[in-house]
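Enquirer: The following comprises the amino acid sequence and a computationally predicted model.
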Amino acid sequence: MSDWVRSLRLWFAPGRIRDEGETPDYRFSLANERTFLAWIRTALALIAGGFAVDQFLPDLRWGVRVGLSLALIGAGVLCAFRAVNHWVRCERAMRRGEDLPVSRFPSVLALVVAAVSVTMVVVVAWGRG
C-alpha cells in the first residue's frame, strides 16, 4: 500500500497512528494538534473572506466578484485538507523519529492570498470592475 493511501486512511482512523513507532513526548503531539487547529482557523477565515467578498461587494462585476470569492473559498478548502494531511504526516514522523516533513503549501497559500489581495486593491483603487 502506498504511503499516501496509508496517510489518507489515518485521516479517518487516527487511532491507527499508535501502530507507528514510539509514542512521542505528549507536548509535541499537542503542539502538532495546535498547529492543525491554526490551519483550520486559517481555512475558516479564507472561506469567510470569500463569502464576504461575494456578499459585501455587490458593485463589482459578477465575474470579478465570483472569481475573487471562489479563489478565497478554494484556498480555504485546500487549507482544510492540508491541515489534516500535515497533522498525520507530522505525527507519523515524530513517532518514527524522522525529520518533520517540509511543505511548499504555506508559500503557495501566501501567493494565492497575495494575488487575491492585489487584485482587490486594483479593483478598489481603479473603480468597481
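Expert: Alright, I've got the coordinates.
Enquirer: Just want to check the distance between the residue nearest the centre of the chain and G97.
Expert: The chain has C79 as the residue nearest its centroid, 1.5 Å off, counting by C-alpha atoms, centre = their mean. Using C-beta to C-beta, to the nearest Å, one obtains 28 Å as the distance from C79 to G97. Quick note: C-beta positions are derived from backbone N, CA and C, even for glycine.
Enquirer: For the chain, just list every one of the helices.
Expert: 3-12, 26-56, 62-96, 105-125 (DSSP state H).
Enquirer: Need the winner for burial among those helices.
Expert: Among the helices of the chain, helix 62-96 has the highest mean neighbour count (mean count of other C-beta atoms under 10 Å), at a mean of 18.
Enquirer: what's the average pLDDT for that one?
Expert: With pLDDT averaged residue by residue, helix 62-96 scores 93.
Enquirer: how far off helix 3-12 does it point, in degrees?
Expert: 100 degrees (axes from the mean of the first three to the mean of the last three C-alpha atoms, to 10 degrees).
Enquirer: Could you name the helices and strands sitting against helix 62-96?
Expert: helix 3-12, helix 26-56, helix 105-125 (3 or more C-beta pairs under 8 Å, 6 or more residues apart in numbering; DSSP states H and E).
Enquirer: who's in contact with T42?
Expert: Going by C-beta atoms under 8 Å, 6 or more residues apart in numbering, T42 touches G76, C79, L109.
Enquirer: Same list (those residues) but as CSV, adding distance to F12.
Expert: What follows is the contacts of T42, written out as CSV (distance: C-beta to C-beta, whole Å):
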residue, distance to F12
G76, 21
C79, 19
L109, 24
